[in-house]
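K.L.:
here you go, sequence then predicted model.
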Amino acid sequence: MEIIGRLLDGSLMPHGHCLLWRGDLLLMHVGGDLLTTLAYFTIPIALIILVRKRDDLEFDSIFLMFAAFIFLCGVTHLLSLVNVWHGYYFLEGIAKSLTGLVSVATAIMIWRLIPKALAIPSNKTLREKNHQLDAAHQELINLNASLERQVKQRTLQLEKLASTDPLTNLVNRRTIVATLESEMERAERYDVALSIIMIDMDDFKRVNDEHGHLVGDKLLQTAAKGVQQFIRKTDRVGRYGGEEFLAVVPHCDADNAARLAERIRYKMATISIPLESREALQTSCSLGVAQYQPGWDMNEFIDYADKALYKAKHSGKNQVSVYSSETKNGAE
Ligand SMILES: Nc1nc2c(ncn2[C@@H]2O[C@H](COP(=O)(O)OP(=O)(O)OP(=O)(O)O)[C@@H](O)[C@H]2O)c(=O)[nH]1
């Protein structure tokens, strides 16, 4: 109780007496303390708001110590202001002591934090790191784009490999059959003509037997090129079997397909493969033509072209035969 009484004892000599109650001195001391008090009470609020809102802020504790230290300075200035008219010097002394203690604690903390604070990268370093990151990011994007291009390219190559016959470079059987399937759907839907030509090299076994497989291969390659030269860009030809080619000819009826087949036959008959020690090798082929009829399935369609081809072979080879019910009968 005695201590509280002493603390609240404002009966000591007011500080105004030291200032001789002079207006100019009072104005400076009172005005200065008033402004400082106001400022020192608002700064801690700002610091606390900052610490609470920025949870990524480093060194929270030092900000809070600063807030306490500045607040206590504000209290000291407030009591100085009061003590111009009163004499609460015990209270002011306690406020100053507390301020001193908190200041010393803050100073110690600051010195201990300095190495840590210095270790934080500067804005310049961060900007440089950012640039490096941007450059690395861009490099990754470019690398990714180039990888994607390579994958696309490789996929195309693989697709081509999977659909191409390596010897003749024509599309393989699977692909020509798929083409035929979709052309049949188109012919059915739009009611347009569609024909196929089955082309089979004549006496190919003899070529292999007499001249060897390499010559046989060369002949197949030359024949494939020859057929390709004769068909339109919209037509497709593929290697259907060993020495058998299948041409799919959309928008073409049996008569026109037969004319095309005849031109191919003629062209094939002009092929000659140079041989090392003998005269050039001559060859020929037989061709079976069939025009699509709505309702046929693909196997039937191919089978009818095959039957026409069979007839061409059996009628002496090196000729074209068109499928008709007569052919069917003849073939069976
Ligand atoms: N060199 C070579 N020969 C092949 C290839 N594929 C199949 N052959 C051969 O082609 C020949 C086909 O013989 P056959 O089916 O008897 O037919 P062909 O001798 O042409 O007789 P016809 O069709 O009646 O004129 C066989 O000897 C197969 O080995 C190939 O890729 N290269």
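P.N.:
Received, thanks. Every value quoted in this text rests on a predicted model; they were computed, and no experiment measured them.

K.L.:
run the chain-centre distance for the longest helix belonging to the chain.
P.N.:
Assignment by DSSP state H gives helix 123-163 as the longest helix of the chain. Centroid displacement of helix 123-163 relative to its chain, using CA atoms, centre = their mean, to the nearest Å, is 9 Å.

K.L.:
do stretch 96-106 as well
P.N.:
Worked out by CA atoms, centre = their mean, stretch 96-106 lies 60 Å from the chain centre.

K.L.:
what's in contact with that stretch?
P.N.:
For stretch 96-106, contacts defined as CB atoms under 8 Å, 6 or more residues apart in numbering pick out 62, 65-66, 68-69, 72-73, 75-76. The way it works is simple: take the backbone N, C-alpha and C, and place the C-beta from them, glycine included.

K.L.:
ok, 6 Å please
P.N.:
Defining contact as CB atoms under 6 Å, 6 or more residues apart in numbering, one finds that stretch 96-106 is touched by 65, 68-69, 72-73, 76.

K.L.:
picking that back up, following the chain onward from the longest helix of the chain, which element is next?
P.N.:
helix 173-190 (DSSP states H and E).

K.L.:
other SSEs contacting that following helix?
P.N.:
If you count contacts as 3 or more CB pairs under 6 Å, 6 or more residues apart in numbering; DSSP states H and E, helix 173-190 packs onto strand 236-239, strand 244-250.

K.L.:
between the longest one and helix 173-190, how many degrees?
P.N.:
What separates the directions of strand 244-250 and helix 173-190 is an angle of 20 degrees, with axes from the mean of the first three to the mean of the last three CA atoms, to 10 degrees.

K.L.:
strand 244-250 - contacts with which helices or strands?
P.N.:
Applying 3+ CB pairs under 6 Å, 6+ apart, we find strand 244-250 packed against helix 173-190, strand 194-201, strand 236-239.

K.L.:
which positions in the stretch 101-250 of the chain make contact with the ligand?
P.N.:
Proximity of the stretch 101-250 of the chain to the ligand (CB under 6 Å from any ligand atom) is limited to residues 167, 200-205, 208, 213, 216-217, 220, 242-243.

K.L.:
weed out the non-buried ones from the residues you listed.
P.N.:
Buried members of these, counted by 16 or more other CB atoms under 10 Å: 200-202, 204, 208, 216, 220, 243.

K.L.:
mind checking how far residue 170 is from the ligand?
P.N.:
In this view, residue 170 and the ligand are 12 Å apart by CB to the nearest ligand atom, to the nearest Å.
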